[in-house]
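Participant: Next comes the sequence, and after it the predicted model I'd like to discuss.
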Amino acid sequence: MTDAEWLDTPDRSDGRVYVMPDDLRFAVRVALATGRPLLLRGRPGSGKSSLAPYIATQMRWRYYEHVVTYRTQPRDLLWSFDSVRRLADAQVTVRRGQTPDDASYVEPGVLWWALAPHSARRRGRPAGAGITDPCPDPFEEVNTTRKPDRAVVLIDEIDKADPDVPNSLLVPLGSHRFTVAEIGREIRTERPEGAESEPFEEEGQGHRARHLVVLTTNEERELPQALLRRCVVHVLPEHDRAMLVSIAEEHMALWPGEVTDADRDLADAVAGELMKVRQHADKQGVRRPSTAEYLDALLACRSLGIRPGDREWQLLTKNVLIKPQQMAGDRA
């Protein structure tokens, strides 16, 4: 594999590949049928964050994501308001005898874009208003060719946020509406432009929801019970050897070059070695390597001609499957 081909290898989060077990597919259908958010639990690297872009790609729905941090504020997913810039501009406009347009300082969040993209582009101004500063879709490159009235939103690592954040989302997620305080306008789901059959609905059975919100948690912090009650909850299991190989085959089909029997044998061999590494990690008291790290190890082996048992394999194990910082943390 050349350097150029290596760089062209699709990323696991680009929505092109996902091996979806039947129980997970059913959980998605339930979330769509009920209009409830889908909360994914599981070990880091188990595919929680990859599901949402895959669903959006398969259904050709618009896609948005917000990675939660410890600094995330309750309304960041809905909108933000630049009060500092507004105050500075107000001093100029007042001297001119003008009134600042508060909508100019509104920045729609991912849930606003999902529910009401036309309103988000207008920054909440009423339809027909003259607009000199339309807000660009933050995922416009992806969403240009997708269905304008349907969307998938990924809220990643919701457990990192203060409990005020998930609690503040209960009403918007349940009623699909919220009010932007600074401009005094209610934002609600915009009317659909058409109805089409979707890959995740069974024949003869339509679903109600036009939006799917996917939440993920790494269990760093306990989530409010009120949020859990309002979600369809699914736990992604740790993948066994057979599932790892199935996932690898799907990814290898998109890798540059022909996939050979030797590649499939390599995928199985690396999966077998991963099982051993997991056992070793358990004995050492460090985190078990994930499916994501398995795919990294497989790509490295295929690209660099490494085979399990080689000297390079031992180096790869220490740098890809069991991270040096894990071992250092274990000794500390």
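Facilitator: Received it, and whenever you're ready, just let me know what you need.
Participant: okay, CA-based contacts and neighbour counts for the rest of this
Facilitator: Noted.
Participant: Give the buried residues for whatever helix or strand G174 lives in.
Facilitator: Using DSSP states H and E, the element containing G174 is helix 170-175. Across helix 170-175, burial judged by 16 or more other CA atoms under 10 Å covers 172-173.
Participant: Could you export that helix as PDB, CA atoms only?
Facilitator: As requested, the backbone C-alpha atoms of helix 170-175 are provided in PDB (Å, rounded to 0.1, in the frame of the first residue of the first chain):
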ATOM      1  CA  LEU A 170     -35.400  16.800  28.500                       C
ATOM      2  CA  VAL A 171     -38.000  19.300  27.200                       C
ATOM      3  CA  PRO A 172     -36.400  20.000  23.800                       C
ATOM      4  CA  LEU A 173     -35.900  16.300  23.200                       C
ATOM      5  CA  GLY A 174     -39.400  15.500  24.300                       C
ATOM      6  CA  SER A 175     -41.400  18.300  22.700                       C
END
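Participant: Contacts only, for T145.
Facilitator: Residues near T145 by CA atoms under 8 Å, 6 or more residues apart in numbering: R60.
Participant: element containing it, please.
Facilitator: Going by DSSP H and E, T145 is not in any helix or strand.
Participant: again, but for the one 5 residues further on
Facilitator: For R150, the enclosing helix or strand under DSSP H and E is strand 147-156.
Participant: circling back to that earlier point, so for the helix holding G174, what's the average pLDDT?
Facilitator: Throughout helix 170-175, pLDDT has a mean value of 91.
Participant: helix or strand right after that helix?
Facilitator: Taking DSSP H and E, what comes next after helix 170-175 is strand 177-180.
Participant: Quick one: list the elements packing against that next one.
Facilitator: Judged by 3 or more CA pairs under 8 Å, 6 or more residues apart in numbering; DSSP states H and E, strand 177-180 is in contact with helix 170-175, strand 185-188.
Participant: Partner strands of the strand holding R150, with direction?
Facilitator: strand 61-67 (parallel), strand 211-217 (parallel) (DSSP bridges).
Participant: Let me have the helices and strands packed on strand 177-180 in JSON lines, extended by distance to K318.
Facilitator: Listed next are these as JSON lines, based on distance: least, CA to CA, whole Å:
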{"stretch": "helix 170-175", "distance to K318": "43"}
{"stretch": "strand 185-188", "distance to K318": "51"}
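Participant: To T93, which of the ones you listed lies closest?
Facilitator: Nearest of these to T93, taken as CA to CA: strand 185-188 at 22.8 Å.
Participant: what helices or strands is that closest one leaning on?
Facilitator: strand 177-180.
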